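> Just to be clear, the model below is a prediction. Sequence and coordinates:
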Amino acid sequence: MEELDPLNIVRDRFDEAASFVPGLKRGLVDFFKAPKRIISCCFPVEMDDGSVQTFQGYRVLHSNILGPGKGGVRYHPNVTRHEVMSLAALMTWKCALVNLPFGGAKGGITCNPKELSEGELRRITRRYVVELGDDIGPHTDIPAPDLYTDEQTMAWIFDTYQVFHPGENNRAVVTGKPIELGGSLGRLEATGRGTVLVVQRFLDRMKIVDLKSVVGKRVIVQGFGNVGGIAAQLFHEAGACVIGVSDSIGGVVQEEGLDLAAVNLHKEAEDTVVGTPDTLTVSNEDLLAMECDILVPAALGEVVNANNAELIKAKLVVEAANEPVTPEADAILNARGIYVLPDILVNAGGVSVSYFEWSQNLANEHWGAERVNRQLEELMFDAVDRVVDQWIKLNEVASEDPDRTISIRTAALVSAIERVARVTLQRGIWP
Ligand code: NAD
């Protein structure tokens, strides 16, 4: 059985990458593997029926070496301390890779939002923010939306923080806000847009035989939510042929290319893509194993794993979701010559536009969509170039050892770790 503790996965991947960072001192390795701060809080909330329920919340600041912590807050029954710790570490490496002035953080509350009313969610959110106190703030740690939290949740977080910090410009305490409350144009589409930009730049740079650009290439996207739905649309607009998409109910396929407008209409009406006219229904398992050029898991973690990695037929797997490819699957795909573009690169578009939102809030500005998208493209292209250059450099060294091939993931992590290590030493170990 493949061991899938998210914290161990992040730490093992860190160890692998750290072994390629020259001169990284043992003490720094330990420092980068442990979170700087873990807040675990338990609080009671009055429910609509007058009863009281106790909720468990977390906020983990993994690192603030590059700047204040940055990372989402998720509301989900499966939220655990280890999950939040692992996602906080991923945020550190993601922000470092894209050159953002942020450290990494993550938060969560163990709850089932599908069973909670809006009033209950508001009270849970406000109480959580009070529990966090000054451990969040525009210059300390800045939350954002994640699974089952949205711009409404962010508005409540801002409002609660504002109550305790009157007379200050507090908009930058949280990103992913409604536009009227200081949210940024382009934030909603940013992760899907970033995904397509990363793939385009990567193919430009790598000149892979039979996969030199997305034009005319067959793309499959698992997940048709914010990230997957936007990515599918933008792949189509870039000239790719999107032949399959899915949601939690199942997948739909059309070998000639899906009519995405029809898929969207069906999803709006029926709350699922399954049943869109002129499509074949398949299971999520079968969708992942279909013949295609580019496979984009954009829903859940660990969907490409030891059980199905041998079945994947794509030439390129694009991690739009967080951690969709497990370590054993990584090794299998790498050995089969299938490239995996890692989450810390692929889905960094979201936190990049969160950074633009934070900058706009601090300067009391509101940027146009064109500016946001242009700056997003610059950040994404720069990050891909850095990763590809690093990958080429590492593989030149590794070519002396025929058993060792370096993955794109390791190259991305090496770049991120090098930056955080450099800045740690520039700042000087305190005192
Ligand atoms: P979302 O809730 O908008 O969409 C999730 C989609 O996944 C939905 O279509 C849902 O039906 C589908 N899904 C759920 N269970 C599934 C299953 N078992 N099989 C197939 N599909 C399933 O969420 P999102 O914002 O699009 O996020 C998707 C992933 O991207 C998550 O892993 C999230 O952490 C990651 N991510 C999101 C952002 C962002 O800005 N939204 C940024 C970085 C990473």
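Thanks, I have the structure now.
> How about the residues of the stretch 51-200 of the chain by the ligand?
146-147, 191 (C-beta under 6 Å from any ligand atom). (Glycine included, C-beta is placed from N, CA and C.)
> Among these, which one has the most neighbours?
Compared across those, residue 191 has the highest neighbour count, 24 neighbours, by other C-beta atoms under 10 Å.
> Closest to the ligand out of the residues of the stretch 51-200 of the chain next to the ligand?
Lowest distance from the ligand to these (C-beta to the nearest ligand atom) belongs to residue 191, with 3.6 Å.
> give me the element that closest one is part of.
helix 190-206 (DSSP states H and E).
> With only the CA atoms kept, save that helix in CSV.
Extracted C-alpha coordinates of helix 190-206, given in CSV (Å, rounded to 0.1, in the frame of the first residue of the first chain):
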residue,chain,number,x,y,z
ALA,A,190,-6.3,33.4,-12.3
THR,A,191,-5.5,29.8,-11.4
GLY,A,192,-7.1,28.4,-14.6
ARG,A,193,-5.4,31.1,-16.7
GLY,A,194,-2.1,30.5,-15.0
THR,A,195,-2.4,26.8,-15.7
VAL,A,196,-2.7,27.3,-19.5
LEU,A,197,0.1,30.0,-19.5
VAL,A,198,2.4,27.5,-17.8
VAL,A,199,1.7,24.7,-20.2
GLN,A,200,2.2,27.1,-23.3
ARG,A,201,5.5,28.4,-22.0
PHE,A,202,6.7,24.9,-21.0
LEU,A,203,6.0,23.5,-24.5
ASP,A,204,7.6,26.5,-26.1
ARG,A,205,10.8,25.9,-24.1
MET,A,206,10.9,22.1,-24.2
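> quick one: buried residues of it?
For helix 190-206, burial by neighbour count (16 or more other C-beta atoms under 10 Å) applies to 190-203, 205-206.
> Could you do stretch 69-79 as well?
Those would be 69-76, 79, for stretch 69-79 by 16+ other C-beta under 10 Å.
> Kindly report the same for stretch 13-25.
Residues of stretch 13-25 classed as buried: 13-14, 16-18, 20-21, 24 (neighbour count, 16+ other C-beta under 10 Å).
> Also stretch 260-279?
Those would be 260, 262-264, 266-267, 272-274, 276, 279, for stretch 260-279 by 16+ other C-beta under 10 Å.
> Touching it from outside, list them.
Contact with stretch 260-279 is made by 224, 229, 232-233, 236, 242, 245-254, 258-259, 281, as judged by C-beta atoms under 8 Å, 6 or more residues apart in numbering.
> please redo it, this time with the cut-off set to 10 Å
By C-beta atoms under 10 Å, 6 or more residues apart in numbering, the residues outside stretch 260-279 that reach it are 224-225, 228-229, 232-233, 235-237, 242-254, 256, 258-259, 281-282.
> Quick one: low-confidence residue ranges for the stretch 101-250 of the chain.
Across the stretch 101-250 of the chain, nothing is flagged by pLDDT under 70.
> Measure how buried the residue of the stretch 201-350 of the chain found nearest the ligand is and give me the count.
Nearest residue of the stretch 201-350 of the chain to the ligand: residue 225, at 1.7 Å (C-beta to the nearest ligand atom). For residue 225, the tally of surrounding residues (other C-beta under 10 Å) stands at 15.
> Number the residues from 797 up from this point.
Sure, I'll start counting at 797 from here, so that last one is residue 1021.
> Please name the nearest non-neighbouring residue to residue 984.
Closest residue to residue 984 in three dimensions, ignoring its sequence neighbours and counting by C-beta to C-beta, 6 or more residues apart in numbering: residue 1022, at 6.9 Å.
> and the one you found, what is it in contact with?
Contacts of residue 1022 (C-beta under 10 Å, 6+ apart): 941, 946, 984-988, 1094, 1146.
> domain assignment for this structure?
For the chain, automatic domain parsing gives the domain ranges 832-977, 986-1137.
> one step back: the contacts of stretch 1056-1075, buried ones only, as a ChimeraX selection?
Per 16+ other C-beta under 10 Å, the buried members of those correspond to this ChimeraX selection:
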select :1020,1024,1025,1028,1029,1031,1032,1038,1039,1040,1041,1042,1043,1046,1047,1048,1049,1050,1054,1055,1077,1078
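> Up against the ligand, what does the stretch 1097-1227 of the chain have?
So far as C-beta under 6 Å from any ligand atom goes, the stretch 1097-1227 of the chain lies against the ligand at 1116-1118, 1143, 1146.
> can you put these in CSV and add secondary structure and neighbour count?
Listed next are these as CSV, based on DSSP: H, G, I helix; E, B strand; the rest coil; neighbours: other C-beta atoms under 10 Å:
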residue, secondary structure, neighbour count
1116, coil, 28
1117, coil, 24
1118, coil, 21
1143, coil, 27
1146, helix, 27
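> that older thread, I'd like the domains of the chain as TSV, with distance to residue 1197 appended.
TSV is the format used below for the domains of the chain (distance: least, C-beta to C-beta, whole Å):
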stretch	distance to residue 1197
domain 832-977	25
domain 986-1137	15
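> so which of the ones you listed comes closest to residue 1226?
Proximity to residue 1226 (C-beta to C-beta) singles out domain 832-977 among the domains of the chain, at 11.4 Å.
> If you count residues, where's the longest strand of this protein?
For the chain, the strand with the greatest residue count under DSSP state E is strand 848-859.
> Perfect, I'm done here.
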